[in-house]
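S.K.: Sequence and predicted structure below; questions after.
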Amino acid sequence: MTHQVCFLPGTLALGATKGLTKSKATKENLLSFEDLENLRLAEDLAKTCFEMYSVTSTGLAPEIAYFHIEDFFEGGLHGGNKSSEYSNDIIIKPADRHNLLRPETVESLFVLHRITEDPKYREWGWQIFEAFEKYTKVDSGGYTSLDDVTTIPPHRRDKMETFFLGETLKYLYLLFTDSTLVPLDKFVFNTEAHPIPINCSNMRQ
């Protein structure tokens, strides 16, 4: 599973409620059985994405993770945080241990918090933000990618992708703002995190 897949929980949640909160969509009887199943899947996937962070020594996710299943297991490739209950379930190979400051997980945490109103998504997002601050912030300014999230101190790459400012930090900011700022039933975010107004009058019924 690559980190980029972690946009999917947010997409599934948006598809289920059309950007409304779960409570409002339920009250208005807008959720089908399939919508509820997609929302449940979205929450399960979001937890998996967060645990890809929590199993590492730095609290930051690798680019790619594998999962210990009945037919596949490689020992000794844990993330370094042996206190995590999932330390033996998530396998991180040496070539995949880098972190590029990607936005997909925090994007989904933002969307799921808005839709479910569950405070755990803010708690997870804050843990991720603190890990970015601790291990990727550069004293002279900016942030940097890491070579290996399983070791402390992690080796720094001296490179910050533009999507960290344009997407990752934007979604973290929105995660902690009031839901009236860029409401999800009135705006859609494109793949570069630009909010685009939804003009419902031009949509076909």
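M.R.: Ah, there it is.

S.K.: Is Leu77 in contact with Ile91, as I believe?
M.R.: Yes - Leu77 is within contact range of Ile91, at 4.7 Å (criterion: Cβ atoms under 8 Å). The C-beta positions use only the backbone N, C-alpha and C, and glycine is treated the same way.

S.K.: The two: who's more crowded?
M.R.: It is Ile91, of Leu77 and Ile91, that has more neighbours when counted by other Cβ atoms under 10 Å, with 22 against 17.

S.K.: any idea how far the more buried one lies from Phe7?
M.R.: Using Cβ to Cβ, to the nearest Å, Ile91 is found at 22 Å from Phe7.

S.K.: do Ala95 as well
M.R.: Counting by Cβ to Cβ - Ala95 and Phe7 are separated by 23 Å.

S.K.: For those two, work out which one has more neighbours and name it.
M.R.: In this comparison of Ala95 against Phe7, neighbours counted by other Cβ under 10 Å, the higher total goes to Phe7 at 19 against 9.

S.K.: Next, give phi and psi for that one.
M.R.: Main-chain dihedrals, Phe7, degrees, to the nearest 10: phi -70, psi -20.

S.K.: can you check the one 10 residues further on too?
M.R.: Backbone torsions of Thr17, given as degrees, to the nearest 10, read phi -110, psi 0.

S.K.: With Pro197 instead?
M.R.: Dihedral angles for Pro197 - degrees, to the nearest 10 - are phi -60, psi 140.

S.K.: surely it meets Phe189?
M.R.: No - between Pro197 and Phe189 no contact is recorded; they are 11.3 Å apart, counting by Cβ under 8 Å.

S.K.: Show me which of the two is the more surrounded one.
M.R.: Phe189 (21 against 9).

S.K.: for this protein, which helix is longest?
M.R.: helix 33-54 (DSSP state H).

S.K.: chain center to it: distance?
M.R.: In terms of Cα atoms, centre = their mean, to the nearest Å, the centre of helix 33-54 is found 10 Å from the chain centre.
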